[in-house]
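**Q** Following is a predicted model, sequence given first.
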Amino acid sequence: MENLRARARMLAQVRDFFAQRAVMEVDTQLMSHCAVSDPFIDSIEVAFGTVPGNPEQTLYLQTSPEYAMKRLLAAGSGAIYQLAKVFRNGESGRRHNPEFTMLEWYRPGLSAEQLMDEVEALVADVIPGFSASRISYRALFQRELGIDPHLTGVDELRRLCRTHIEAPFDDDSRDTWLNILMSHVIEPRLQEPVFVHGFPASQAALAEVVQDETGTPVATRFELFVCGIELANGYRELTDAKEQSRRLEQDQQQRAELQLPQRPLEKRLVAALEAGMPACAGVALGFDRLVMLALGAEHIEQVIPFTFERA
């Protein structure tokens, strides 16, 4: 109960943080007619019927408020944030619960670097004295594994991966091996707070792609790691409607190749970008993980009222 009281104080701190910066709180829908396209995030389906016994319509619980919030940005909301309940199928464990709280916010006019400053300030508001260093994705791989992740071929990445962990499968995607090396080898080593930025362009998700100082295309994406876990994931947001549509279709094709369900794509997001979304930076931060970090908790069950098993 003491942890829940501390959680309530942190929720108030977050709201005060954004109130001082004139960032409006919004509260978007939990159910959507469309699902997230990311092949590695599984939506939870719900059935809606107007009358019991009549044909039901499949809806999807939001895995992130991102799509809905971007539609609000395109409608002229200005800077916004949300403390959202989000849902992800198959995610349960010491640091995961199928239903969890995500803090997500969007700042028109800010760069990714400025948003990193604001993320650091918010966490420091909750955890006094908090600060984080910064390192590029390339420099991180060079420091930890002695390779340039933008240039190393798939055969070398596969070989390197298998020197660290068991990986008895084949895959021709460089990103598969880079992701495994990042999640299984590098991330556990990131105990001190650090922002990793400049991800490969192929891992842009919904971020803009730019050229770095070497002329290499990179995503204007960053992740904050603390104690070996990801706390936040941010972008300088993609505003190109055609490119957004291409990425959604690319995700759908990858889902088909992986024999995953084909779910309705959020074309309303594309329409919002066509209407004009302001240039902005946005970030999602795991609020439950922030509370865990602040309280030194080892399991998510220590900082939420009831876990999935007791819901």
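**A** The structure has been received and is ready for your questions.
**Q** helix or strand for Phe222, which one?
**A** Taking DSSP states H and E as the definition, Phe222 sits inside strand 217-226.
**Q** And that strand, what's buried?
**A** Of all the residues in strand 217-226, those buried under the rule 16 or more other CB atoms under 10 Å are 218-226. Glycine gets a C-beta too; all of them are placed from N, C-alpha and C.
**Q** Kindly reformat the residues you listed as JSON lines and extend each row with distance to Arg21 and pLDDT.
**A** Listed next are the buried residues of strand 217-226 as JSON lines, based on distance: CB to CB, whole Å; pLDDT from 0 to 100:
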{"residue": "Val218", "distance to Arg21": "28", "pLDDT": "97"}
{"residue": "Ala219", "distance to Arg21": "26", "pLDDT": "97"}
{"residue": "Thr220", "distance to Arg21": "22", "pLDDT": "97"}
{"residue": "Arg221", "distance to Arg21": "23", "pLDDT": "97"}
{"residue": "Phe222", "distance to Arg21": "19", "pLDDT": "98"}
{"residue": "Glu223", "distance to Arg21": "23", "pLDDT": "98"}
{"residue": "Leu224", "distance to Arg21": "19", "pLDDT": "98"}
{"residue": "Phe225", "distance to Arg21": "25", "pLDDT": "98"}
{"residue": "Val226", "distance to Arg21": "23", "pLDDT": "97"}
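**Q** quick one: buried residues of the longest helix belonging to the chain?
**A** If you go by DSSP state H, the chain has its longest helix at helix 2-20. For helix 2-20, a neighbour-count test (16+ other CB under 10 Å) marks 3, 6-7, 10-11, 14, 17-18 as buried.
**Q** where do the strands sit along the stretch 51-200 of the chain?
**A** Remark: strands assigned in the stretch 51-200 of the chain by DSSP state E, counting those that start in this stretch are 57-61, 80-87, 99-108, 133-136, 194-200.
**Q** For Leu265, find the nearest of these.
**A** Distance to Leu265, taken as CB to CB, is lowest for strand 57-61 among the strands of the stretch 51-200 of the chain, at 11.4 Å.
**Q** what's that closest one packed up against?
**A** strand 31-32, strand 45-48 (3 or more CB pairs under 8 Å, 6 or more residues apart in numbering; DSSP states H and E).
**Q** Relative to the first one, what are the paired strands and their orientations?
**A** Each strand paired with strand 31-32, and its direction, by DSSP bridges: strand 57-61 (antiparallel).
**Q** outside of the strand it pairs with, which residues touch it?
**A** 30-36, 43-49, 86-87, 263 (CB atoms under 8 Å, 6 or more residues apart in numbering).
**Q** One more: stretch 185-193?
**A** For stretch 185-193, contacts defined as CB under 8 Å, 6+ apart pick out 130-133, 140-141, 144-145, 161, 164-165, 196, 224-230.
**Q** roughly how far out does that stretch sit from the chain middle?
**A** A distance of 18 Å separates the centroid of the chain from that of stretch 185-193, by CA atoms, centre = their mean, to the nearest Å.
**Q** Can you point out the buried residues in that stretch?
**A** Buried-residue list, stretch 185-193, by 16+ other CB under 10 Å: 185-186, 190, 193.
**Q** out of those, who's nearest Glu243?
**A** When the buried residues of stretch 185-193 are ranked by distance to Glu243 (CB to CB), Ile186 comes first, at 28.7 Å.
**Q** secondary structure class for the residue sitting nearest the centre point of the chain?
**A** Centroid-nearest residue in the chain: Asn233, 4.5 Å away (criterion: CA atoms, centre = their mean). Here Asn233 is recorded as strand under DSSP: H, G, I helix; E, B strand; the rest coil.
**Q** And the residue of the chain most remote from its centre, its phi and psi?
**A** In the chain, Gly53 marks the outermost C-alpha relative to the chain mean, sitting 37.9 Å out by CA atoms, centre = their mean. When read as degrees, to the nearest 10, the backbone of Gly53 gives phi 100, psi -20.
**Q** shouldn't Pro217 be in contact with Gln211?
**A** Yes - under the criterion of CB atoms under 8 Å, Pro217 makes contact with Gln211 at 5.9 Å.
**Q** For the helix or strand encompassing Gly282, which helices and strands make contact with it?
**A** Assessed by DSSP H and E, Gly282 sits inside strand 280-286. Here strand 280-286 touches helix 66-74, strand 99-108, helix 112-126, strand 229-236, going by 3+ CB pairs under 8 Å, 6+ apart.
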